[in-house]
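Student: Got a predicted structure here, sequence first:
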Amino acid sequence: MSKGRFGIHGGQYIPETLMNAVIELEDAYNKYKKDPEFNEELLDLYKNYAGRPSLLYYAKNMTEDLGGAKIYLKREDLNHTGAHKINNALGQCLLAKKMGKTRVIAETGAGQHGVATATVAAYMGLECEIFMGKVDTKRQALNVYRMKLLGARVHPVTSGTATLKDAVSETMREWTNRIDDTHYVLGSCMGPHPFPTIVRDFQSVISRETRQQIMEKEGRLPDAVIACVGGGSNAIGSFYHFIDDSSVKLIGCEAAGRGIDTKETAATVNTGSLGIFHGMKSYFCQDKYGQIAPVYSISAGLDYPGVGPEHAYLHDIGRADYVPVTDDEAVNAFEYLSRTEGIIPAIESAHAIAYAMKLAPAMDKDKIIVVTVSGRGDKDVAAIARYRGEQIKE
Amino acid sequence: MVEKAFKNGKAFIPFITSGDPSLDITEQLVYAMAEAGADLIELGIPFSDPTAEGPVIQEANIRALSGGVTTDSIFDMVRRIRKNCDIPMVFMTYANVVFHYGTEKFIKIAAEIGMNGLILPDVPYEEKDEFQSVCRKYGIDFISLIAPTSHDRIRMIAREADGFVYCVSSLGVTGTRSRITTDIGAMVRLVKETKDIPCAVGFGISDPQSAGDMASKSDGAIVGSAIVKLCAKYGKDCVPEVKKFVAEMAQAVHQAK
């Protein structure tokens, strides 16, 4: 079996042209992850640039309103650039710098990873090009302008369904075109080895902090950790340091779109099957001939037909549960958290909030739930207004 | 086996996407290309998200899939072709098309209907065992690729290669290029030092001159996008156009020294 496996999942299913690039990346990562200087530099960036540690916030109003388990929110929305994506962008761009790369490329769905990469590239003086599905450039226009403001070039991708999966394909194509000076800052815990491991490690700062914070506040581990899953980077980061604690239930919330009994869904674990795509073996939404299915979700960040290989593995061994959350449920949760706690979550994160709203009332009051708010919702306000039939002019 | 394509000298290897514009035309294209002097044909099975392809072949994949082509209907087409034509043929598709169909089931059928090999551009050396072992079991060649970035990997890849070695001429995806700057001769020499196996060059070859040039440095030239462009331009009337083009290209390759 090849390298980078999580059970049967993972691997390196990529063109030969890229193999030496991922081997070079793996060697560099193995060297720097043990390098105290690299880790100090990264910690300093997390603290003084991204604003970490992010708060573990007790959602008192929500807890009282739902009348069940105590709810804490891990506030990744408070990071610089407004989402967890900065954790990975800082790590990978720092690694790219150490490797002598002068240019970074990245895909983006909702635009949060693109913004994070463009931000760090601006800060570190790296040339930056972002690939984004044309459909997504329209529904997340604000983020497109934000990336341009940060000095990045944004390429609208028109191939395929012109969404996140096509942005990933196009960024891979661009990487085969120019490798020597270029690092591909993959935004989720997916793709060929070593990306799923690198992204997970950089995002695992979330659960490292959560663990310490909940011990300080409650003196014990939570009963459940809930996060939304597209590719799954904020979820794997939220789960990672709890995987060995079997008392902590790990719950990933997939975008069900209009429902898992419809074709307009992006709930990969719930509706997909085993396949090989974008460099990895994992679960994918596909037809019986292995053609990748067009997926749908109101959330551009979860609108992806695959899931990271480590999630596929956690599902296989029953360590994590992956539950579907519909557009309607997510929009309700988006509005609920805004009204109840004065926190506007990203529509992606609202999928996790929605499930917590179902789960908390069914649990005793002495139980504890941690929900990761992976990003803030400013970018989604216009789209949610449209969903509710209101047209907003900015 | 595909090596017989290289028996009579340098090989010209055209690629077409099955079902673009229809499977009937694909069948006629195979006969026409065989008559025009092609030595081996790469039959593409379309994939929704072909990450190693440039825009020309990406669009051909989409056209073929929207026309309703499936792996099974392509197998049926090959069964029809094999009643009339024995030119060596290999499938070129993506890992998921084979894996999701059932790797063993796919390769068993491919061998039974008379295909001679399989090319999966998203399966590198590290992942080839799950496909190559099955190909060997059923007696078809799993084709390995080397790229300008392969360097120290070339010997390792060549050592376990079957059929022929597909030399990717340039960085980037498939499609025509104004010129190829890679030292193809050096890549081919590294392969030959390790194993006596034919090497054919593909990616970016679009006219008789570049085809002849690449063939002179190797054992053959592979041409895809330039042919698929003709299929796109002429649609159901593409057969004579492709035949004429393949005849010119095959001549240039066969005359290469």
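Tutor: Looks like it came in fine. Numbering: from 1, shown residues only, chains lettered A, B, ... in the order given.

Student: now the residue in the stretch 51-200 of chain A that chain B sits nearest to, nearest residue through space, not along the chain?
Tutor: Distances between the stretch 51-200 of chain A and chain B by Cβ to the nearest Cβ are smallest at A:Asn177, namely 4.0 Å. All C-beta atoms are positioned from the backbone trio N, CA, C, and that covers glycine. Among residues not flanking A:Asn177 along the chain, B:Gly172 sits closest, at 4.0 Å (Cβ to Cβ, 6 or more residues apart in numbering or on different chains).

Student: who's in contact with the one you found?
Tutor: By Cβ atoms under 8 Å, 6 or more residues apart in numbering or on different chains, B:Gly172 lies in contact with A:17, A:173, A:176-177, B:54, B:203.

Student: again with A:Pro324
Tutor: Taking Cβ under 8 Å, 6+ apart as the test, what A:Pro324 contacts is A:253-256, A:259-260, A:265, A:267, A:270.

Student: And the pLDDT at it?
Tutor: Note for A:Pro324: predicted pLDDT of 98.

Student: ditto for A:Glu394
Tutor: 59.

Student: just the helices in the stretch 151-300 of chain A please.
Tutor: Counting by DSSP state H, counting those that start in this stretch, residue ranges of the helices within the stretch 151-300 of chain A are A:164-177, A:195-203, A:205-218, A:233-239, A:268-271.

Student: Among the contacts of B:Gly172, which one is most surrounded by other residues?
Tutor: B:Phe203 (29 neighbours; other Cβ atoms under 10 Å in any protein chain shown).

Student: Find the nearest non-adjacent residue to it, please.
Tutor: B:Ser169 (4.6 Å).

Student: just B:Thr26 next, same as before
Tutor: B:Ser18 (5.0 Å).

Student: Contact residues of the stretch 1-150 of chain B facing chain A?
Tutor: The stretch 1-150 of chain B has residues B:47-49, B:51-52, B:54-55, B:58, B:62, B:65, B:70-72, B:95-101, B:121-127, B:145-150 near chain A, with proximity defined as Cβ under 8 Å from any Cβ of the partner chain.

Student: can you give me the helices in the stretch 1-150 of chain A?
Tutor: Under DSSP H, counting those that start in this stretch, the stretch 1-150 of chain A gives helices at A:16-32, A:36-48, A:60-66, A:85-98, A:112-124, A:134-139, A:141-149.

Student: what about the helices in the stretch 101-250 of chain B?
Tutor: Going by DSSP H, counting those that start in this stretch, the stretch 101-250 of chain B shows helices at B:129-138, B:154-159, B:184-194, B:208-216, B:225-234, B:238-255.

Student: Mind putting those into CSV with mean pLDDT, distance to A:Ile71 and mean neighbour count?
Tutor: Below are these laid out as CSV (pLDDT from 0 to 100; distance: least, Cβ to Cβ, whole Å; neighbours: other Cβ atoms under 10 Å in any protein chain shown):
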stretch, mean pLDDT, distance to A:Ile71, mean neighbour count
helix B:129-138, 98, 45, 17
helix B:154-159, 97, 54, 18
helix B:184-194, 95, 60, 18
helix B:208-216, 96, 64, 21
helix B:225-234, 97, 55, 21
helix B:238-255, 98, 63, 20
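
Student: Out of the helices of the stretch 1-150 of chain A, name the one with the poorest average pLDDT.
Tutor: Among those, helix A:134-139 scores lowest, at a mean of 89.

Student: got a list of what the spatially most central residue of chain B touches?
Tutor: Among the residues of chain B, the one closest to the centroid is B:Glu42, at 3.6 Å (Cα atoms, centre = their mean). For B:Glu42, the contact set (Cβ under 8 Å, 6+ apart) comprises B:13-16, B:89-92, B:119, B:222, B:224.

Student: and which of those is nearest to chain A?
Tutor: Distances from chain A to the contacts of B:Glu42, taken by Cβ to the nearest Cβ, are shortest for B:Ile119, at 11.5 Å.

Student: In this structure the closest one contacts B:Phe91, no?
Tutor: Yes. Applying Cβ atoms under 8 Å, one finds B:Ile119 in contact with B:Phe91, separated by 7.0 Å.

Student: Return the residues of the stretch 251-394 of chain A in contact with chain B.
Tutor: By Cβ under 8 Å from any Cβ, the residues of the stretch 251-394 of chain A that approach chain B are A:273-279, A:281, A:284, A:286, A:288-292.

Student: The same query, at a cut-off of 6 Å, please.
Tutor: A:275-277, A:289-292 (Cβ under 6 Å from any Cβ of the partner chain).

Student: which of those has the most neighbours?
Tutor: Busiest of these [other Cβ under 10 Å] is A:Phe277, holding 29 neighbours.

Student: got the contact list for it?
Tutor: A:284, A:306, B:96 (Cβ atoms under 6 Å, 6 or more residues apart in numbering or on different chains).

Student: what's the distance between the first one and B:Met77?
Tutor: Look at A:Phe284 and B:Met77: by Cβ to Cβ, to the nearest Å, they are 27 Å apart.

Student: and the stretch 51-200 of chain A, which residues reach chain B?
Tutor: Counting by Cβ under 6 Å from any Cβ, the stretch 51-200 of chain A sits next to chain B at A:159, A:169, A:172-173, A:176-177.

Student: try it again with 10 Å
Tutor: A:158-161, A:165-166, A:168-180, A:192-193 (Cβ under 10 Å from any Cβ of the partner chain).

Student: quick one: what helix or strand has the closest residue to chain A within the stretch 1-150 of chain B in it?
Tutor: Nearest residue of the stretch 1-150 of chain B to chain A, counting by Cβ to the nearest Cβ: B:His100, 3.1 Å away. Following DSSP states H and E, the helix or strand that holds B:His100 is helix B:95-112.
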